[in-house]
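**Student:** sequence? don't have it. structure:
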């Protein structure tokens, strides 16, 4: 697979991320683009996991806060931005939360 495909695949579920991670480890010249999007994809996955768990707990305790579940749509839109950046082969962070993941996840290098 080429770098663009691996970059896009790093955002498509955790299975797609694992496939892109394994394929990028086997590549002889390491691609900075793929590594960057692997970090961004893993970061947004962890962020959405934590937010969904917290929202589930909060909404189960206080059901009148059900409207907070719309935060999931915001995360989905941020995920789409990540895919668009990967498709355009840009090393650009996901808006709002992407800079949190830069320089993190050392195991991806």
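**Tutor:** Here it is on my side, so go on. Everything quoted here is computed from the prediction, not taken from an experiment.

**Student:** against residue 56, how distant is residue 63?
**Tutor:** Distance of residue 63 to residue 56, given as C-beta to C-beta, to the nearest Å: 12 Å. For glycine as for every other residue, the C-beta is placed from the backbone atoms N, C-alpha and C.

**Student:** show me which of those two is the more surrounded one.
**Tutor:** Per other C-beta atoms under 10 Å, whichever of residue 63 and residue 56 has more neighbours is residue 56, with 11 against 8.

**Student:** so the more buried one is in which element?
**Tutor:** Assessed by DSSP states H and E, residue 56 sits inside helix 32-61.

**Student:** could you pull up the residues touching residue 58?
**Tutor:** Applying C-beta atoms under 8 Å, 6 or more residues apart in numbering, we find residue 58 in contact with 65, 68.

**Student:** which residue lies farthest from the center of this protein?
**Tutor:** residue 64 (29.7 Å; C-alpha atoms, centre = their mean).

**Student:** need the strands for this protein, in chain order.
**Tutor:** Applying DSSP state E to the chain gives no strands.

**Student:** can you tell me which residue sits nearest the middle of it?
**Tutor:** Central residue of the chain (C-alpha atoms, centre = their mean): residue 41, at 2.3 Å.

**Student:** just to revisit the earlier point, the residue farthest from the centre of the chain and residue 58, how far apart?
**Tutor:** 11 Å.

**Student:** please enumerate the helices of the chain.
**Tutor:** Per DSSP state H, the chain carries helices over the ranges 3-9, 13-26, 32-61, 71-87.
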